[in-house]
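*Asks:* Following is a predicted model, sequence given first.
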Amino acid sequence: MRTSLLYASILLALGLSCSSQTGSGQKGTLSPKSPSTYSIDELDQLYIPLRRDSFILSEGHDEFRAPIEDLFSDEERRAHQTKILEYTWSLNKDSLLTVWYLPFRDSLTVLGKFSYPRDAVF
């Protein structure tokens, strides 16, 4: 778990930040920057997700969640104790952005992000 928290902290330190498009005035549409660390309530108020999901870290997730699973040790995956939050937003009319968060105390830490075509099938 320490390794994954260190990795998440490094991602956070690289300056991933949350930003909305100011020109369109549309709440919930993101610019190419990805969301960073917020409380769940702050994130929901700033950006309305298309989908919000959560899952317990384990082994054998599909190809969509496998990169997040790989951030954790085998022992952490087998423990089935780590909750991961998954938010998906619209980047534009053709693309989606999914960001995975690790809840830590009263905030969320970014684990990873993935942008992809809206019509992609996993």
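*Replies:* Perfect, thanks for sending it.

*Asks:* Surely residue 52 is within a helix?
*Replies:* No: remark: residue 52 does not belong to a helix; assigned using DSSP: H, G, I helix; E, B strand; the rest coil, it is strand.

*Asks:* Tell me which residues touch it, please.
*Replies:* 44, 85, 86, 87, 88 (C-beta atoms under 8 Å, 6 or more residues apart in numbering). Any C-beta I mention is one placed from the backbone N, CA and C, and that applies to glycine too.

*Asks:* which residue packs closest to residue 61, ignoring adjacent ones?
*Replies:* Among residues not flanking residue 61 along the chain, residue 69 sits closest, at 5.1 Å (C-beta to C-beta, 6 or more residues apart in numbering).

*Asks:* tally of neighbours for that neighbour?
*Replies:* Residues contacting residue 69 under the criterion other C-beta atoms under 10 Å number 17.
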